[in-house]
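Chemist: Return a 3D structure for these sequence lines:
(chains A and B)
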2 protein chains.
Amino acid sequence: MPQIVFIGSGNVATHLSKALKSAGNQVLQVYSRSLPHAKKLAKEIRADYTDNLRELRTDADIYFIAVKDNALPGLAKKINLGDKLIVHTSGSVGMDILKKASKNYGVFYPMQTFSKQKKIDLHGIPVFIEANRVENEKILLTLAHQVAGKKNIHRMNSEQRKIVHLAAVFANNFPNHLYTIAEKILNTRKLSFDILKPLILETAGKIQDNSPAIMQTGPAKRGDKKIINEHLKMLKPYPGYKKIYKLISGSIYKAENKKSNS
Amino acid sequence: MPQIVFIGSGNVATHLSKALKSAGNQVLQVYSRSLPHAKKLAKEIRADYTDNLRELRTDADIYFIAVKDNALPGLAKKINLGDKLIVHTSGSVGMDILKKASKNYGVFYPMQTFSKQKKIDLHGIPVFIEANRVENEKILLTLAHQVAGKKNIHRMNSEQRKIVHLAAVFANNFPNHLYTIAEKILNTRKLSFDILKPLILETAGKIQDNSPAIMQTGPAKRGDKKIINEHLKMLKPYPGYKKIYKLISGSIYKAENKKSNS
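Modeler: Residues are numbered from 1 along each chain as shown, chains lettered A, B, ... in the order given. Next comes the predicted model:
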């Protein structure tokens, strides 16, 4: 089993290091800019910890950088591991950013909406693998098989991964914000968000077997101007929400009309 | 068991009439403007059918109007049932629209994203009940208990129901459209939408126990301008999607900053 160092102690580092540890790998060390954060995660997975990059252990086999995307370039520049395998976990950053950090590098991107608050079973989520050499790809695929379901593991180059990441923003980050808006609207009238929860699961469930394009429902799809205008009136105190309502309703209407004209 | 007439043959009429039939009620008749539509549903639930409002059976106990919201006012005007209980199934139309159709009226709104394509178990979904008299409310609650889970049945007035419906547009119709956009983005590069499906379920799942406000993730939440600008560049060929990306990202960023200032 390979020995691993984690650079980073956020959501991805937490979930991934725990999953790799559970699968029998040894995590030697956790690095974080914040010593308390490094310590917290290190304790949970019985690893060393440091906040000093110069103290990175040199006896590991694989180095995972799991930090915020905008911290990646700066970190990559400061690290030189010779020929040790180094990978980052970002969906939106190319593999080549690690070119100068080692002769062996790659990407191990578990596409998930990680929150520390929630325990996540990695087995159901997709993992995207890329590496600069076939041997490195093999090592990463082996690790991926330990933590993810076989059919969820995808080899994918940086360009494709960026597209997937962009699509995931639409399919995941944005819907979550719309849930937040729905919750706020209900709360203004002292209604509970619980009411909507079954519906939210159903909507996510029904596109598992059907294209969302044919599952669209609602006033915008029907072109029901009366309801739409009533909703816009109700949203008057919330100009930000009103703008979103207008824009997405228009986009739905356009998409539906294209369909029926084609 | 009460005997029922359905006015309408669309998604809601189809699912609801089948569920009520399965629960042991008799559906006497289906009315639709379109005789073939009326016939199709009527055959499935062993009912009579008609496309003529004057031929509505007079021996039923409850009349369900399940038609498009914008068709409701016109229909309600044409119907006079004396004192037979009449209900509509709309989330966004007030109860009083049925005032002149009968002395006994109410609303039976199963809040769901009905598509004929998909079989739906009504037990998991919320049903909203309103009636002009306590006795009518009791009848509707009894029917609701036959088709929906007890904790999903809510008594709610027209004003509250409209708020819930507006919130549902944000939590259901709009996310489905964003899934559609994600699918289109992936398809332009010949990538499969299947990749995103586990993530979509996870996002809907994790707000079952946590407020979406604290579960937000993604570049907009982190204020990661580099990624956001890269995404906007990738969306250049799709000005409609780009606008949506910009507006929702701005809204997420605003919501997150409000949180950290408070």
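Chemist: all strands of chain A, in order?
Modeler: Taking DSSP state E to define them, one finds strands in chain A at A:3-7, A:26-31, A:48-50, A:62-65, A:85-88, A:105-110, A:127-131, A:153-155.
Chemist: Report the distance from the first one to the chain centre.
Modeler: For strand A:3-7, the distance from its own C-alpha centre to the chain's C-alpha centre is 20 Å (C-alpha atoms, centre = their mean, to the nearest Å).
Chemist: ok, A:L191 to chain B distance?
Modeler: 6 Å (C-beta to the nearest C-beta, to the nearest Å). Placement of C-beta: from N, CA and C, glycine included.
Chemist: doesn't B:V164 make contact with that residue?
Modeler: Yes: here A:L191 reaches B:V164: they are 6.4 Å apart, a contact under C-beta atoms under 8 Å.
Chemist: Got phi/psi on A:R57?
Modeler: Note on A:R57: its backbone torsions stand at phi -70, psi 140 [degrees, to the nearest 10].
Chemist: hang on, the earlier thing: okay if I get the strands of chain A as a markdown table plus mean neighbour count and mean pLDDT?
Modeler: Listed next are the strands of chain A as a markdown table, based on neighbours: other C-beta atoms under 10 Å in any protein chain shown; pLDDT from 0 to 100:
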| stretch | mean neighbour count | mean pLDDT |
| --- | --- | --- |
| strand A:3-7 | 25 | 98 |
| strand A:26-31 | 23 | 98 |
| strand A:48-50 | 18 | 98 |
| strand A:62-65 | 25 | 98 |
| strand A:85-88 | 26 | 98 |
| strand A:105-110 | 25 | 96 |
| strand A:127-131 | 23 | 96 |
| strand A:153-155 | 17 | 93 |
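Chemist: sorry, back to before: compare A:L191 and B:V164 (neighbour count), which wins?
Modeler: B:V164 (26 against 19; other C-beta atoms under 10 Å in any protein chain shown).
Chemist: isn't the more buried one right next to B:V107, touching?
Modeler: No: taking contacts as C-beta under 8 Å, B:V164 lies outside contact range of B:V107: 11.9 Å.
Chemist: so what's in contact with those two at the same time?
Modeler: B:F128 (C-beta atoms under 8 Å, 6 or more residues apart in numbering or on different chains).
Chemist: quick one: the spatially closest residue to A:Q26 that is not a sequence neighbour from A:V30, how far?
Modeler: In space, and not counting its chain neighbours, A:Q26 is closest to A:Q3: 4.9 Å by C-beta to C-beta, 6 or more residues apart in numbering or on different chains. Applying C-beta to C-beta, to the nearest Å, the value for A:Q3 to A:V30 is 13 Å.
Chemist: Would you agree A:A171 is in contact with B:H177?
Modeler: No: with contact defined as C-beta under 8 Å, A:A171 does not count as touching B:H177 (10.8 Å).
Chemist: Now do the closest residue to A:N173 other than its chain neighbours: how many residues are near it, please.
Modeler: Nearest residue to A:N173, sequence neighbours excluded (C-beta to C-beta, 6+ apart): B:G218, at 3.2 Å. Neighbourhood size, B:G218 [other C-beta under 10 Å]: 21.
Chemist: List the contacts of B:G218.
Modeler: A:T113, A:V169, A:N172, A:N173, B:I252.
Chemist: Just those: which are in helices?
Modeler: B:I252 (DSSP state H).
Chemist: Throw the contacts of B:G218 into JSON lines and include distance to B:E130, thanks.
Modeler: Shown next, in JSON lines, are the contacts of B:G218 (distance: C-beta to C-beta, whole Å):
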{"residue": "A:T113", "distance to B:E130": "37"}
{"residue": "A:V169", "distance to B:E130": "39"}
{"residue": "A:N172", "distance to B:E130": "35"}
{"residue": "A:N173", "distance to B:E130": "36"}
{"residue": "B:I252", "distance to B:E130": "35"}
